[in-house]
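Undergrad: Sharing a sequence plus its predicted fold:
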Amino acid sequence: MTMGDEKSIEVVMEAASGPHFSGLHIDGLLPSPSASPRAATAASAPAAFSYFAQSDSEFSSRQPFVIGVSGGTASGKTTVCDMIIQQLHDHRVVLINQDSFYRGLTREESERVHEYNFDHPDAFDTEQLLDCIQKLKAGQSYQVPIYDFKTHSRCSDIFRQVNASDVIILEGILVFHDPRVRSLMNMKIFVDADADVRLARRIRRDTVERGRDIDSILGMYAKFVKPAFDDFILPSKKYADVIIPRGGENHVAIDLIVQHIQTKLGQHNLCKIYSNVYIIQSTFQIRGMHTLIRDKDISKHDFVFYSDRLIRLVVEHGLGHLPFTEKQVVTPTGSIYTGVDFCKKLCGVSIVRSGESMENALRACCKGIKIGKILIHRDGDNGKQLIYEKLPKDICERHVLLLDPVLATGNSANQAIELLIQKGVPESYIIFLNLVSAPEGIHCVSKRFPSLKIVTSEIDMALNEEFRVIPGMGEFGDRYFGTDD
Ligand SMILES: Nc1ncnc2c1ncn2[C@@H]1O[C@H](COP(=O)(O)OP(=O)(O)O)[C@@H](O)[C@H]1O
Ligand SMILES: Nc1ccn([C@@H]2O[C@H](COP(=O)(O)O)[C@@H](O)[C@H]2O)c(=O)n1
Ligand SMILES: [Mg+2]
């Protein structure tokens, strides 16, 4: 078979696989038969925008973000990883290939290499792979072995020095097989391609890059590669959070993944600097709602609807930072359930006017909560500010949820916080809730009030020369209350 023939076969196969898949698996309209419910499907109707289940609920913003990329041989794992890394060009990202951890062969194994199963989990030194990822996660560098597919051996004296990074991508056919390796991952991606497409690609790649002939490739494929795919790789697909059909061709999926990682990285640095800044866990669901409310052409009704949904999430997250006491109750089965009791001494304070958009969500979560108001008004051009306030008399005894959907420069937030502290509220009793925060605002508030907590749903890029948040979402209060016409 000539290269030209292979290409035409491959093109036909790729084309044939097209209609069966329609992009990143997201919304369950086209469920993948072999995927678990966790790995949902992004079909062509983005209006039904539900999201893939996250595996990074345990993700701490202070640790590297670890992404596992698995899939059958020649599915496009390496290609997808290269594209992700290219698009993340200004971030610290490292790629670790499971291939680097292939065990070296003994003399006997080398002599009978055609009988050796490179697709079985035992072919890898998984202990060493674990050690590598654990060290990188702990911020240490690692000497990764270099594997030569032509000689089936590790280079004995050369290593690849990999330094600690913000994102670690671990790629390989069996990276989802061992639960210990899986547990180190914050996100798992499965690259999907039809078996015949993969075989065609493998023939081409292994003849060109790995020094093989077609007979040996086909023999190895039938004896080891295909059975191992069925026994080990396909069953591990259920652990994936995201399934990418068509691999590197699937630009939509790769863009979404890159955006997701960028969000994580943005959060990462500020959370490293200020331990009291909390960003609610980013999911494609949350990004989808942000995409809607940031769109200048969204209808007012939709803007309010999706803002309310996001606000509710921020409020719930903020409430999770309140102190609690242990409480036991008797259940209808007569058993004791040991739980917690909510903090009762609470108060909401909205920074007028846009903060008032967050009051309903707070009332919905905390029955009968008192809500005070602070208005900060610029008095002419001389930099003076007038502050009006209406706060409960006993505010000094309450934990305060300070409400403002957008944190820009942090100047008015600081004035409001200063006022609360003057009224006797301890700084550590204040939780400041935002939908969108600018890094400048976070620096300004967190530096001055290090014990106060900030809970936000996204941190944006920066402020522009007019001190507006970029990309931002415009005048939130005007858009929410319909006074932007
Ligand atoms: N979407 C694609 N279309 C055509 N060829 C591809 C595509 N993705 C990958 N390839 C080629 O197929 C071969 C296998 O891809 P690779 O990314 O190395 O797969 P894996 O790492 O999963 O084994 C490579 O030669 C690559 O250039
Ligand atoms: N000496 C070796 C070691 C492994 N293989 C094959 O590589 C495949 C995994 O790499 P991918 O990039 O294709 O994921 C695996 O299927 C092994 O059969 C090899 O050919 N020689
Ligand atoms: Mg590869």
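TA: It's in. Ligands and ions are numbered 1, 2, ... in the order given.
Undergrad: those strands in the stretch 151-300 of the chain, which residues are they?
TA: 153-162, 167-171, 187-192, 242-245, 277-279 (DSSP state E, counting those that start in this stretch).
Undergrad: how about TSV for those, with mean pLDDT and distance to ligand 1 added?
TA: (Each C-beta comes from the backbone N, C-alpha and C, glycine too.) Shown next, in TSV, are those (pLDDT from 0 to 100; distance: least, C-beta to the nearest ligand atom, whole Å):
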stretch	mean pLDDT	distance to ligand 1
strand 153-162	89	17
strand 167-171	94	7
strand 187-192	96	6
strand 242-245	94	10
strand 277-279	92	33
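Undergrad: Please tabulate those in JSON lines, including the columns distance to Arg287.
TA: Listed next are the strands of the stretch 151-300 of the chain as JSON lines, based on distance: least, C-beta to C-beta, whole Å:
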{"stretch": "strand 153-162", "distance to Arg287": "30"}
{"stretch": "strand 167-171", "distance to Arg287": "17"}
{"stretch": "strand 187-192", "distance to Arg287": "14"}
{"stretch": "strand 242-245", "distance to Arg287": "13"}
{"stretch": "strand 277-279", "distance to Arg287": "12"}
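Undergrad: Tabulate those in JSON lines, adding columns for distance to Phe118 and mean neighbour count.
TA: Below are those laid out as JSON lines (distance: least, C-beta to C-beta, whole Å; neighbours: other C-beta atoms under 10 Å):
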{"stretch": "strand 153-162", "distance to Phe118": "12", "mean neighbour count": "12"}
{"stretch": "strand 167-171", "distance to Phe118": "16", "mean neighbour count": "24"}
{"stretch": "strand 187-192", "distance to Phe118": "19", "mean neighbour count": "26"}
{"stretch": "strand 242-245", "distance to Phe118": "24", "mean neighbour count": "27"}
{"stretch": "strand 277-279", "distance to Phe118": "42", "mean neighbour count": "22"}
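Undergrad: closest to Asp394 out of those strands?
TA: Across those, Asp394 has its closest neighbour in strand 277-279 (27.0 Å, C-beta to C-beta).
Undergrad: strand partners of the closest one, parallel vs antiparallel please.
TA: Sheet pairing for strand 277-279, assigned by DSSP bridges, gives strand 453-456 (parallel).
Undergrad: any idea which helix or strand comes after the strand it pairs with?
TA: strand 458-459 (DSSP states H and E).
Undergrad: Can you list the neighbours in contact with that following strand?
TA: Residues from elsewhere that reach strand 458-459, judged by C-beta atoms under 8 Å, 6 or more residues apart in numbering: 263, 266-267, 270, 279, 282, 286, 290, 435-439, 442.
Undergrad: Now which of these would you call buried?
TA: Among these, those classed as buried by 16 or more other C-beta atoms under 10 Å are 263, 266-267, 270, 279, 282, 286, 290, 435-439, 442.
Undergrad: So what's the predicted local confidence for the nearest residue to Phe101 once chain neighbours are set aside?
TA: Leaving aside its chain neighbours, Phe101 sits nearest to Leu129 (4.4 Å; criterion: C-beta to C-beta, 6 or more residues apart in numbering). At Leu129, the model reports a pLDDT of 98.
Undergrad: By pLDDT, rank the buried ones among the contacts of strand 458-459 and give me the bottom one.
TA: Gln267 (62).
Undergrad: wait, what's in contact with Phe190?
TA: With contact set as C-beta under 8 Å, 6+ apart, Phe190 has these partners: 35, 39, 69-71, 176, 237, 240, 242-244.
Undergrad: Closest one to Cys396 out of these, please.
TA: Among the contacts of Phe190, and counting by C-beta to C-beta, the member closest to Cys396 is Val242, at 48.3 Å.
Undergrad: Next, count neighbours for Val349.
TA: Residues near Val349, counting by other C-beta atoms under 10 Å, number 32.
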